[in-house]
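Novice: Give me coordinates for this.
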Amino acid sequence: MNQSTILPIYQKAETRIKALVLLAFIHAWPEIVLRSKITAIILAVEAKIGLSAYNKGLRNFAIKLMREQYRKPLYQFKDQFPDKKPIDFKNLKYEAKGGTYYDYPKELKKRITQLTNEVTTASEDGKKPISLWAKAELDTRWEHNQKMIEDLVEKGELICYISSHPNCSKRCAKWQGKLVHLTKHSLYGNFLVGKVDGRNVYSLTDIMAVKDKYGYNNNVISGFNCRHYLIPYKGQNPPTHYTKEEMKDEREIERRIREMERAIRKEKQRLTLMEKGGVDYKRQKAKVEYMVENYRAFCKKWGFPSYDYRIV
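Specialist: The predicted model follows:
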């Protein structure tokens, strides 16, 4: 799986679906028209990518939007007016029957905000739904590391160190720098399979098989956004050890970067919906440009890479 290729495709499809739901609201499209347009987008994605959990998630996302956001279209309110003259809906404020106040610009912005806050999730039986971004990171890491393990086993490199880095997640911290055996299972119930040169050796197979409370194999080597790798053991000392304080500081920097990426994707999507909805988007465009510039500067300052595909 190539995250930089696949994720932008789903992100673009999600944005297009949201834009269609917004346009259906504005222009009072019949539901069958909206459904056909959304179906065309989903089928186009499925033709490119055969990832069932992702495609099922995109379909469920579209159904959810149809159910929760496709309410009575705005133009149907015109029947509440006593005259039949053309109505300027973009600047409309009026007192509807029964005394209900209806403000079109306010309602339109509300719909844009609601749509922007919706996120496509992967759909797998027995697992808590997670965003496509998190799912793709998990799958990509799993595929890459399975190949790494297979190559090492084929070469006879069965005992390895787990690499170490300062921005390690809490779930991985206990394992980084430890020796692991790539094929043996623990007989003691504590992941331990034995010792080599006086150092404990643990079962990587058992470690990776641990599931979190949501049903995912979210541990070192196989976990979400885990960047650890295996170093064949040749009698050398363990990889660099980092203190809890060092890891905490680096972890916080990475958390901020991921937070900035999510915020940029969200605000870029809001910009698209504002443009489609005929809302003045100049300030929003300037906001997005500032956020992107700030994101890249922040990554550079702390020595982290910035990725264009993560802020599509």
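Novice: Mind jotting down where the helices sit in the stretch 151-300 of the chain?
Specialist: Taking DSSP state H, counting those that start in this stretch, the helices of the stretch 151-300 of the chain run over residues 170-173, 204-209, 244-276, 282-302.
Novice: Pick out the shakiest of the ones you listed, pLDDT-wise.
Specialist: In terms of average pLDDT, helix 170-173 trails the rest of the helices of the stretch 151-300 of the chain, at a mean of 85.
Novice: from what I can see His241 touches Ala173, true?
Specialist: No. The criterion here is C-beta atoms under 8 Å, and His241 misses it with Ala173 at 10.8 Å. C-beta: built from backbone N, CA, C; applies to glycine.
Novice: higher neighbour count, those two?
Specialist: Counted by other C-beta atoms under 10 Å, His241 and Ala173 do not tie: Ala173 has more neighbours, with 16 against 10.
Novice: How about the contacts made by the residue lying closest to the more buried one once chain neighbours are set aside?
Specialist: Among residues not flanking Ala173 along the chain, Met247 sits closest, at 6.1 Å (C-beta to C-beta, 6 or more residues apart in numbering). Counting by C-beta atoms under 8 Å, 6 or more residues apart in numbering, Met247 makes contact with Pro166, Asn167, Cys168, Ala173.
Novice: same thing but at 10 Å, please
Specialist: Going by C-beta atoms under 10 Å, 6 or more residues apart in numbering, Met247 touches Ser164, His165, Pro166, Asn167, Cys168, Ser169, Lys170, Cys172, Ala173, Gln176.
Novice: Phi, psi for the most centrally placed residue in the chain please.
Specialist: Of all residues in the chain, the one closest to the mean position by C-alpha atoms, centre = their mean is Trp133, 2.5 Å from it. The phi/psi pair for Trp133 (degrees, to the nearest 10) reads phi -60, psi -50.
Novice: so which strand or helix has the nearest residue to it once chain neighbours are set aside?
Specialist: Distances taken as C-beta to C-beta, 6+ apart put Leu7 closest to Trp133, at 6.3 Å, once the chain neighbours are dropped. With elements taken from DSSP states H and E, the one containing Leu7 is helix 3-27.
Novice: Ile257 versus Glu245, what's the distance?
Specialist: Per C-beta to C-beta, to the nearest Å, Glu245 is found 19 Å from Ile257.
Novice: and what of Trp133?
Specialist: Applying C-beta to C-beta to Trp133 and Ile257 gives a distance of 13 Å.
Novice: what do those two both touch?
Specialist: With C-beta under 10 Å, 6+ apart, Trp133 and Ile257 have common neighbours Arg310.
Novice: can you confirm Leu138 is in a helix?
Specialist: Yes. Assigned with DSSP: H, G, I helix; E, B strand; the rest coil, Leu138 falls within a helix.
Novice: Around it, count how many other residues there are.
Specialist: Neighbours of Leu138 (other C-beta under 10 Å): 20.
Novice: Pretty sure it sits against Tyr214.
Specialist: No. Leu138 is beyond contact range of Tyr214, at 11.1 Å (criterion: C-beta atoms under 10 Å).
Novice: any shared contact partners between those two?
Specialist: Common neighbours of Leu138 and Tyr214 (C-beta under 10 Å, 6+ apart) are Ile130.
Novice: rewinding a little: who touches both of His241 and Ala173?
Specialist: What both His241 and Ala173 touch, as defined by C-beta under 10 Å, 6+ apart, is the set Ser164.
Novice: domain ranges for the chain?
Specialist: 3-122, 133-242, 246-306 (automatic domain parsing).
Novice: Any idea which of those has the lowest pLDDT on average?
Specialist: domain 3-122 (a mean of 75).
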